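Trainee: 3D, please:
(one chain, ligands or ions: 3)
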Amino acid sequence: MSDFRQRALDYHAYPTPGKIRVELSKPADSVDDLALAYSPGVAEPVKEIAEDPEAAYRYTAKGNMVAVITNGTAILGLGNLGPLASKPVMEGKALLFKRFAGLDAIDIEVKHRTTEEFINTVANIADTFGGINLEDIKAPECFEIEQELIKRCKIPVFHDDQHGTAIVTAAGMLNALEIQGKNIQDVKIVCMGAGAAAVACMELLIKCGAQRERIYMLDRKGVIHTRREGLTEHKALFANNTDKRTLEDVMDGADIFVGVSGPDVLPPETLALMAANPIVFACSNPDPEIKPELAHAVRSDLIMATGRSDYPNQVNNVLCFPFIFRGALDVRASAINDEMKVAAVEAIRAITKEPVPEEVLKASRSKTLSFGKEYIIPKPMDPRLCSQIATAVANAAIRSGVARVESLTENYMK
Ligand SMILES: NC(=O)C1=CN([C@@H]2O[C@H](COP(=O)(O)OP(=O)(O)OC[C@H]3O[C@@H](n4cnc5c(N)ncnc54)[C@H](OP(=O)(O)O)[C@@H]3O)[C@@H](O)[C@H]2O)C=CC1
Ligand SMILES: CC(=O)C(=O)O
Ligand SMILES: [Mg+2]
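Mentor: Residues are numbered from 1 along each chain as shown. Ligands and ions are numbered 1, 2, ... in the order given. You can find the predicted model right below:
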């Protein structure tokens with residue numbers, strides 16, 4: 001067994017199995033404490049909440065708690081390994097919510113027969129939480145699940161693999177284009193993968209100025225084109241009127257490659273076909289579409305990003321989901337809308353261009369970091385992410401009318 005694999009297993013197993021636990025926020029030592037916490041005292045907030053459901057935010061942990069909910073059908077790039085196998089990833093998301101945004105998060109892995117059954121399960125427990133982060137649910141079911149839950153729930157519902165990924169990709173991409181001296185309206189984009197992350201990333205890049213007809217999306221069968229039959233609704237949105245059929249065909253002269261598919265699907269000789277000064281986001285986890293070492297060996301004019309922590313330029317939704325929920329919950333937003341997503345993109349971009357604090361250099365084991373090819377996006381451990389993204393998101397929620405409090409109270413890392 002490799003040293004890293006053993007260390008990863010030991011990290012999860014010792015000294016206590018798993019990565020999260022519940023802790024008490026009130027004293028529970030004396031008879032008096034118990035009389036307040038449980039019977040008879042607990043009856044008082046019960047009656048208040050029965051009269052006014054909003055009182056749950058005052059008397060329970062609801063307002064600072066996110067549910068991380070999955071069915072385990074698209075666990076990272078590992079595929080459909082089922083709900084229980086996804087638990088380490090979901091506990092990991094909960095760890096990141098707490099570590100980076102002070103939010104309490106609990107993982108819920110749902111076994112179900114039909115999409116409707118999954119939706120009903122989540123809708124029926126939604127009121128317990130301040131927000132719902134849907135995770136690692138495969139396309140195309142993820143689209144219907146998210147839309148239906150947004151309709152049925154009074155709290156923000158956000159499919160992280162769609163929108164968290166898209167927000168971070170858009171922020172990193174706009175910064176990378178600036179460095180490469182290219183205009184988003186002119187670039188030819190290849191997107192490997194046509195699932196949750198791919199569709200949302202491309203839709204957000206289009207909102208940022210990319211031209212739909214200059215995007216070539218591929219799934220396991222190759223290029224998605226207008227003469228292909230049996231396309232799902234979301235793939236059909238990206239059907240290109242082209243004679244190109246293979247990855248090699250579309251990579252010829254491409255400016256951008258976004259990989260949200262699976263490991264090692266981009267051969268170095270295909271990368272070599274790209275236009276001058278290309279941008280490659282190989283975001284499949286844990287193994288990217290091409291290893292950075294291989295990519296840099298064939299292109300010295302490249303900007304390269306992966307979804308991993310152990311290379312420069314980590315384009316990963318961890319830069320978004322803790323902070324967008326922090327901002328949304330701080331103003332009790334009823335939803336996470338496009339205005340809030342754009343505010344997050346802009347805040348992430350802006351932080352990258354500011355001087356990097358010493359503690360971030362230390363934590364990322366870097367001597368220097370400044371806006372450039374090896375630093376297109378902030379590091380996840382940067383404490384400015386929480387305050388700046390959450391504030392921008394909360395203010396966007398207030399401006400766009402989905403906040404349920406009138407002003408933002410500083411709530412960070414409570
Ligand atoms: N860095 C980050 O922040 C994030 C990275 N990701 C990564 O993106 C990938 C996809 O996740 P997600 O969108 O949630 O999953 P989905 O299951 O929704 O979509 C997967 C897509 O990838 C395609 N695909 C898989 N393997 C290949 C292959 N060998 N060649 C071509 N296409 C392939 C599938 O094709 P088909 O439709 O034909 O089945 C499908 O369109 C994962 O690797 C995941 O780790 C996801 C979210 C965030
Ligand atoms: C990062 C992430 O959410 C994924 O790879 O699925
Ligand atoms: Mg995911």
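Trainee: Give the closest residue to the residue in the chain that ligand 1 sits nearest to in space, chain neighbours not counted.
Mentor: Going by CB to the nearest ligand atom, ligand 1 is nearest to residue 195 of the chain, at 1.8 Å. To be clear about C-beta, it is placed using only N, CA and C from the backbone, and glycine gets the same treatment. Spatial nearest neighbour of residue 195, excluding adjacent residues (CB to CB, 6 or more residues apart in numbering): residue 139 at 3.8 Å.
Trainee: The one you found and residue 217 touch, don't they?
Mentor: No - using CB atoms under 8 Å, residue 139 makes no contact with residue 217, being 11.9 Å away.
Trainee: circling back: now do the residue nearest to residue 195 against ligand 2, distance only.
Mentor: Applying CB to the nearest ligand atom, to the nearest Å, the value for residue 139 to ligand 2 is 12 Å.
Trainee: returning to what we had before: list the contacts for the residue of the chain closest to ligand 1?
Mentor: Counting by CB atoms under 8 Å, 6 or more residues apart in numbering, residue 195 makes contact with 74, 138, 139, 142, 219, 260, 261.
Trainee: picking that back up, shared neighbours of residue 139 and residue 217, which are they?
Mentor: residue 194.
Trainee: what are the phi and psi angles of the residue of the chain closest to ligand 1?
Mentor: Torsion angles at residue 195 (phi, psi; degrees, to the nearest 10) stand at phi -110, psi -150.
Trainee: what's the answer for the one 4 residues further on, then?
Mentor: Residue 199 has phi and psi values of phi -60, psi -50 when expressed as degrees, to the nearest 10.
Trainee: pLDDT at it, what is it?
Mentor: Note for residue 199: predicted pLDDT of 98.
Trainee: Equivalent analysis for the one 5 residues further on, please.
Mentor: Per-residue confidence at residue 204 stands at 97 (pLDDT).
Trainee: again, but for residue 413
Mentor: 44.
Trainee: Quick one: name the residues of this structure near ligand 3.
Mentor: Proximity of the chain to ligand 3 is confined to 136, 161 under the rule CB under 5 Å from the ion.
Trainee: if you set the cut-off to 8 Å instead, what comes out?
Mentor: Counting by CB under 8 Å from the ion, the chain comes close to ligand 3 at 74-76, 89, 93, 135-136, 160-161, 165, 197, 285, 317.
Trainee: and those residues near ligand 2, which?
Mentor: 76, 136, 160, 161, 285, 317 (CB under 6 Å from any ligand atom).
Trainee: before we move on, the earlier item: what is the neighbour count of the residue nearest to residue 195?
Mentor: Using other CB atoms under 10 Å, the number of residues around residue 139 comes to 22.
Trainee: contacting residues around it?
Mentor: 74, 194, 195, 196, 199, 232, 234.
Trainee: got the contact list for the residue lying closest to residue 237 once chain neighbours are set aside?
Mentor: The shortest distance from residue 237 to any non-neighbouring residue, by CB to CB, 6+ apart, is to residue 199 (7.4 Å). For residue 199, the contacting residues are 139, 143, 162, 234, 235, 237, 238, by CB under 8 Å, 6+ apart.
Trainee: The closest residue to the last one other than its chain neighbours: what secondary structure?
Mentor: Looking back up the chat, that one is residue 238. Of all residues beyond its chain neighbours, the one nearest residue 238 is residue 217 (4.1 Å), with distances taken as CB to CB, 6+ apart. The assignment at residue 217 comes out as strand when based on DSSP: H, G, I helix; E, B strand; the rest coil.
Trainee: ok, back up a step: columns pLDDT, distance to ligand 1 and secondary structure on top of the contacts of residue 195, output as a markdown table?
Mentor: As requested, the contacts of residue 195 are exported to a markdown table (pLDDT from 0 to 100; distance: CB to the nearest ligand atom, whole Å; DSSP: H, G, I helix; E, B strand; the rest coil):
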| residue | pLDDT | distance to ligand 1 | secondary structure |
| --- | --- | --- | --- |
| 74 | 98 | 4 | coil |
| 138 | 98 | 4 | coil |
| 139 | 98 | 3 | coil |
| 142 | 98 | 6 | helix |
| 219 | 98 | 3 | strand |
| 260 | 98 | 4 | coil |
| 261 | 98 | 4 | coil |
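Trainee: Please identify which of these is nearest to ligand 2.
Mentor: Out of those, the member with the shortest distance to ligand 2 (by CB to the nearest ligand atom) is residue 74, at 7.0 Å.
Trainee: My guess is that closest one contacts residue 140. True?
Mentor: No - assessed by CB under 8 Å, residue 74 is found out of contact with residue 140, at 11.1 Å.
Trainee: what's the neighbour count on residue 354?
Mentor: So residue 354, with other CB under 10 Å, has 13 neighbours.
Trainee: Please apply the same query to residue 5.
Mentor: 9.
Trainee: Can you give me the distance of it to residue 17?
Mentor: Distance from residue 5 to residue 17, counting by CB to CB, to the nearest Å: 17 Å.
Trainee: swap in residue 26?
Mentor: Taking CB to CB, one finds residue 26 at 26 Å from residue 17.
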